[in-house]
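Undergrad: when you get a sec, could you give me coordinates for this:
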Amino acid sequence: MLRFFRDLYFTNHFYIGIIGVVLVFVLGGFIPFLFPIGIAVFFLFMGWLCIEVYFLFAHGGKILGERISPDKLSNGDENELFIQLHNLYRLPAHLSIIDEIPHQFQRRDIQWESDIAPGEEQTLLYKLRPTKRGEYDFGAVNIFCSILLRLVQRRFRYDNGKILPVYPSFLQMQKYELAAFSNFLEERGIKKQRRIGNTFEFEQIKEYVQGDDPRTINWKATARRNTLMVNQYQEEKSQPVYAIIDKGRLMKMPFDGLSLLDYAINASLVILNIALKKDDKAGLITFSNKMSTALMAEKKSGQLFKIQEALYNQLTRYKETNFELLSLFVNRRIKRRSLLLLFTNFESLHSLERQLPYFRSLARRHVIVVIFFKNTAIKDLLRKDPESIEEIYIQTVAEKFSFEKELMARKLNQNKVYTILTTPEDLTIDTINKYLELKARGVV
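TA: A predicted model of the protein is given here:
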């Protein structure tokens, strides 16, 4: 009995009906012939109410519901989830469905209204975009079912409570992996790079086609075949590639819901996966005021899983970054010449100049690419037309900061440090392009 009252809900239609009956009784006090009509309407209304309650609770019917979700969610991406419904009543039903999603999303719109025929099955699709890594606790699926005149509802509560971890963006990893090894590179913004030089392992002799390096022409084979023949070389493999992530305070800055740190984590997963697919060794280093994670470069079968777990478990207090400690660690622990993709950020030329000696120290033994971010808020300011002296002043200061970012990139290039100055949204594509470029040029 307790469960019956717990699952019984009166709808707006019920309260409208009650108000109508009361109005008839009130008017009956002034117009006598309306009073018996009011009594008849009241008993008719209550009788119909009992019929609906009977069919909802005592007729053996029910609504089945279940949430279908992946085993884990991808950070920063639209993840698809489904609600499956099945009507076991012999009557058409109207459903109100509310899914109890984790509080981190701060959304109150995950609910639907749906009409479902007897025996019909329906599937509802919705998408969630998490912006932080960690565990997300999903609650129950609540289905409120009403029939006929919809005076009452019966609640069906399916406790699909489930804790889903939110991992670095594995959806981006899959998307860019497909793009990097397909013929649709340009559609993703990834540029094809022609191989330069002949420092790779010899593979075969083939006919010359336009675009081949003339320096690879094999003159003896050309004389024998009476057509231009060139030597083809295999790309050098098993090069160590490290993603180095700065977890300092400047990486806390937000963009479109995600911090710069999470953008760097997502891009690292993508680029290290591509490196492994190209038979390079992939490693991961994270640091801030002290060293955090050090996963040495390998190309074993379980390396990608280790990288993914390490990125998922990154915690930070956003302390001041210690680049001197990074330089000492890398030069001591990484003996073989490697490609270092350093994800960091600088907001002033002075702060960069203090770190240049450590970048030069790394560049003497490794190929280092410093990846830092444009200030998108400044970019938006520069697009506006100033309408007052104050706005002119603000825009002038914004231009100064924007120009200073370009100066930082030039300063790094002058010190033999490769540079990527990018926006958070273009970070992954620009990093892939730089990796493919350096591989094509035989730099690593």
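Undergrad: tell me where the stretch 1-150 of the chain is predicted with low confidence.
TA: Residues of the stretch 1-150 of the chain that meet the criterion pLDDT under 70 lie in 1.
Undergrad: list the contacts for the closest residue to residue 18 other than its chain neighbours?
TA: Computed as Cβ to Cβ, 6 or more residues apart in numbering, the closest residue to residue 18 that is not its neighbour in sequence is residue 45, at 7.8 Å. All C-beta atoms are positioned from the backbone trio N, CA, C, and that covers glycine. For residue 45, the set of contacting residues under the criterion of Cβ atoms under 8 Å, 6 or more residues apart in numbering consists of 17-18, 21.
Undergrad: where does the stretch 201-350 of the chain dip in pLDDT?
TA: Residues of the stretch 201-350 of the chain that meet the cut-off, pLDDT under 70, sit at 201-203, 211, 233-237.
Undergrad: may I ask which helix or strand encompasses the residue nearest to the spatial centre of the chain?
TA: What sits nearest the mean C-alpha location of the chain, by Cα atoms, centre = their mean, is residue 76, with 2.2 Å. Assignment of secondary structure by DSSP states H and E places residue 76 within no helix or strand.
Undergrad: mind listing what it touches?
TA: Residue 76 makes contact with 129-131, 169, 172, 257-258, 262-263, 266 under the criterion Cβ under 8 Å, 6+ apart.
Undergrad: any chance of these in CSV, plus secondary structure, neighbour count and distance to residue 406?
TA: As requested, the contacts of residue 76 are exported to CSV (DSSP: H, G, I helix; E, B strand; the rest coil; neighbours: other Cβ atoms under 10 Å; distance: Cβ to Cβ, whole Å):
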residue, secondary structure, neighbour count, distance to residue 406
129, coil, 16, 32
130, coil, 25, 34
131, coil, 15, 29
169, coil, 26, 29
172, helix, 19, 28
257, coil, 11, 27
258, strand, 20, 25
262, helix, 24, 26
263, helix, 25, 21
266, helix, 27, 25
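Undergrad: greatest separation within those residues: which pair is it?
TA: 172 and 257 (15.1 Å; Cβ to Cβ).
Undergrad: in stretch 330-337, which residues are buried?
TA: Within stretch 330-337, the residues scored as buried using 16 or more other Cβ atoms under 10 Å are 330, 334.
Undergrad: how far does it sit from its chain's centre?
TA: Distance, stretch centre to chain centre, for stretch 330-337: 32 Å (Cα atoms, centre = their mean, to the nearest Å).
Undergrad: check stretch 37-44 too.
TA: Relative to where its chain is centred, stretch 37-44 has its mean C-alpha point 59 Å off (Cα atoms, centre = their mean).
Undergrad: what do you get for stretch 250-264?
TA: Counting by Cα atoms, centre = their mean, stretch 250-264 is centred 12 Å from the centre of its parent chain.
Undergrad: show me what secondary structure element comes after the helix or strand harbouring the residue nearest to residue 18.
TA: Mapping residue 45 onto the secondary structure by DSSP H and E places it in helix 34-57. Going down the chain from helix 34-57, the next helix or strand is strand 63-68, by DSSP H and E.
Undergrad: quick check: closest non-adjacent residue to residue 48.
TA: Counting by Cβ to Cβ, 6+ apart, residue 149 is the residue found nearest to residue 48 once chain neighbours are left out, at 6.5 Å.
Undergrad: quick one, domains of this structure?
TA: Here the domain parsing of the chain from automatic domain parsing is 2-57, 63-167, 170-190+236-440, 201-234.
Undergrad: hmm, back to that, how close does the residue nearest to residue 18 sit to residue 17?
TA: If you measure residue 45 against residue 17 using Cβ to Cβ, to the nearest Å, the figure is 6 Å.
Undergrad: ditto for residue 85
TA: 27 Å.
Undergrad: of these two, who's got more company?
TA: More neighbours surround residue 85 than the other of residue 85 and residue 17, with 23 against 20 (other Cβ atoms under 10 Å).
Undergrad: residue contacts, the nearest residue to that one once chain neighbours are set aside?
TA: Ranked by Cβ to Cβ, 6+ apart and with sequence neighbours excluded, the top spatial neighbour of residue 85 is residue 122, at 4.5 Å. Under the criterion of Cβ under 8 Å, 6+ apart, the contact partners of residue 122 comprise 84-86, 114, 116.
Undergrad: buried residues in stretch 415-429?
TA: For stretch 415-429, a neighbour-count test (16+ other Cβ under 10 Å) marks 417-422, 424, 427-429 as buried.
Undergrad: what's in contact with that stretch?
TA: Applying Cβ under 8 Å, 6+ apart, the external contacts of stretch 415-429 come out as 172, 176, 188-190, 255-256, 258, 260, 263-264, 266-267, 270-271, 356, 359-360, 363, 367-374, 376, 379, 405-406, 408-409, 412-413, 430-431, 434, 438.
Undergrad: next one: stretch 350-364
TA: Identification of contacts with stretch 350-364 by Cβ under 8 Å, 6+ apart yields 323-324, 326-327, 330-331, 340, 346, 368, 370, 408, 411-412, 415-417.
Undergrad: list the buried residues of that stretch.
TA: When neighbours are counted by 16+ other Cβ under 10 Å, the buried residues of stretch 350-364 are found to be 352, 355, 358-359, 361-363.
Undergrad: residue 226: which of those residues is nearest?
TA: Among the buried residues of stretch 350-364, residue 363 lies closest to residue 226 (Cβ to Cβ), at 47.9 Å.
Undergrad: just give me the longest helix of the protein.
TA: In the chain, ranked by residue count with DSSP state H as the criterion, the top helix is helix 389-414.
Undergrad: next SSE downstream of that helix?
TA: Taking DSSP H and E as the definition, the helix or strand that follows helix 389-414 towards the C-terminus is strand 418-422.
Undergrad: next secondary structure after that next one?
TA: Proceeding C-terminally, strand 418-422 gives way to helix 427-440 as the next helix or strand, assigned by DSSP H and E.
Undergrad: centre of the chain to that next one, how far?
TA: For helix 427-440, the distance from its own C-alpha centre to the chain's C-alpha centre is 20 Å (Cα atoms, centre = their mean).
Undergrad: okay, that helix in CSV with CA atoms only?
TA: Coordinates of each C-alpha in helix 427-440 appear next as CSV, following Å, rounded to 0.1, in the frame of the first residue of the first chain:
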residue,chain,number,x,y,z
LEU,A,427,45.7,22.5,-30.6
THR,A,428,45.3,18.9,-31.7
ILE,A,429,45.4,19.5,-35.4
ASP,A,430,48.4,21.9,-35.2
THR,A,431,50.3,19.4,-33.0
ILE,A,432,49.7,16.5,-35.5
ASN,A,433,50.8,18.7,-38.4
LYS,A,434,54.0,19.7,-36.6
TYR,A,435,54.7,16.0,-35.8
LEU,A,436,54.1,14.9,-39.4
GLU,A,437,56.3,17.8,-40.6
LEU,A,438,59.2,16.9,-38.4
LYS,A,439,58.9,13.3,-39.4
ALA,A,440,58.8,14.2,-43.1
